[in-house]
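> Generate coordinates for the sequence data below:
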Amino acid sequence: MTNNTHTANPTISTPIGLLTGKVVFITGAGRGIGAAAARLFAAEGAAVVLAARAADALERVVTEIRADGGVADAVPMDLADPTSVRAAVDRVGTLHGRLDGAFNNGAAIQRPGPLDTTSDEDIDQQFAVNFRSHWTAMNAEAALMRRVGGGAIVNTSSIGSRRANPALPAYGAMKRALNSLTETAAVSWAGDRIRVNGIAPGGTATQMIDTWEAATPGIVEHISTSTPFGRMAEPREVAEVAAWLLSDRASWVTGAIVPVDGGAGA
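Just a heads-up that it's a prediction; the model follows:
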């Protein structure tokens, strides 16, 4: 299913050059929030480097951005492999000689189910993809940013990190750990002029939600009706918040985990 039946058309903002002159690295950029971010950041003036496992999907987004006059490149990356993550960030340095912003957005969903049926394999995958990959990427990104005197990092967390998450316990736990890592990095790297923030999206119309719906029919309707706006977010609406956090407009914001959930967590 596609979630468009559960969404209204959001207001599309006019690009204002929010990220002009910046080089921005985006993980999970082949689909969903990451692909929306790649298009948006490029429209806002950034040279974007897209990373994910799905090479065909990345190339489609790169082709689209270039057709619209933007600057984009794709690099292969497996979030579960630290060597691959470091190599992808290093490739940004080779392509552009600098890194100004990073949107660590790639993630994996666990098989939905209660705490006592969550498998060791699910826990291992959640640790590798939803926590360790960010740890690895952030350290590599910060090293590159120090060359240019600073930068900004945004990590995608989840509304599920901010409260009990009985349906996705391992996912929620790793996202909560990511919040702590984000806050610690913000304090640790402030002296390097590197800002680090997170966003915590609620239900968003992506393939990840479609996967959850297939495993738990009715979850899309439940999320939509429990959101004050009565619908799912569109990926671009989430990407807009990341764009602002990566921009110089957010120069005094660091260590924040910003809810992007249509009021669902209020």
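> could you pull out the strands for the stretch 101-250 of the chain?
101-104, 151-156, 194-201 (DSSP state E, counting those that start in this stretch).
> Let me have those strands in a markdown table, adding mean neighbour count, distance to Val75 and mean pLDDT as columns.
Bear in mind the C-beta positions are built from the backbone N, C-alpha and C, glycine included. What follows is the strands of the stretch 101-250 of the chain, written out as a markdown table (neighbours: other C-beta atoms under 10 Å; distance: least, C-beta to C-beta, whole Å; pLDDT from 0 to 100):
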| stretch | mean neighbour count | distance to Val75 | mean pLDDT |
| --- | --- | --- | --- |
| strand 101-104 | 28 | 13 | 98 |
| strand 151-156 | 27 | 17 | 98 |
| strand 194-201 | 25 | 21 | 98 |
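> Turn these into TSV, columns for distance to Ala43.
Putting the strands of the stretch 101-250 of the chain into TSV (distance: least, C-beta to C-beta, whole Å) gives the following:
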stretch	distance to Ala43
strand 101-104	14
strand 151-156	17
strand 194-201	19
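> So which of those strands is nearest Arg162?
With distances scored as C-beta to C-beta, the stretch of the strands of the stretch 101-250 of the chain nearest to Arg162 is strand 194-201 (6.0 Å).
> Regarding stretch 73-88, how distant is the last residue from the first?
Start-to-end span of stretch 73-88 (C-alpha to C-alpha, to the nearest Å) is 11 Å.
> Check stretch 258-266 too.
From start residue to end residue, stretch 258-266 stretches across 12 Å - C-alpha to C-alpha.
> Please work out which residues outside that stretch touch it.
Stretch 258-266 is touched from outside by 159, 162-163, 197-203, 223, 226-229, 231, 233, 237-238, 241, 245, with contacts defined as C-beta atoms under 8 Å, 6 or more residues apart in numbering.
> Narrow the residues you listed to those that are buried.
Among the contacts of stretch 258-266, those that count as buried by neighbour count (16 or more other C-beta atoms under 10 Å) are 159, 162, 197-203, 223, 227, 231, 233, 237-238, 241, 245.
> Once you drop chain neighbours, what's closest to Ile65?
Once flanking residues are discounted, Ile65 sits nearest to Ala72: 4.0 Å by C-beta to C-beta, 6 or more residues apart in numbering.
> residues near His222, how many?
12 (other C-beta atoms under 10 Å).
> most distant residue from the middle of this protein?
Residue farthest from the centre of the chain, counting by C-alpha atoms, centre = their mean, is Asp116 at 28.5 Å.
> What score does it have for pLDDT?
With respect to pLDDT, Asp116 has a value of 94.
> Looks to me like Ile26 is in a helix.
No: going by DSSP: H, G, I helix; E, B strand; the rest coil, the assignment for Ile26 is strand, not a helix.
> Count the residues that sit near it.
33.
> From Thr118, how far out is it?
29 Å (C-beta to C-beta, to the nearest Å).
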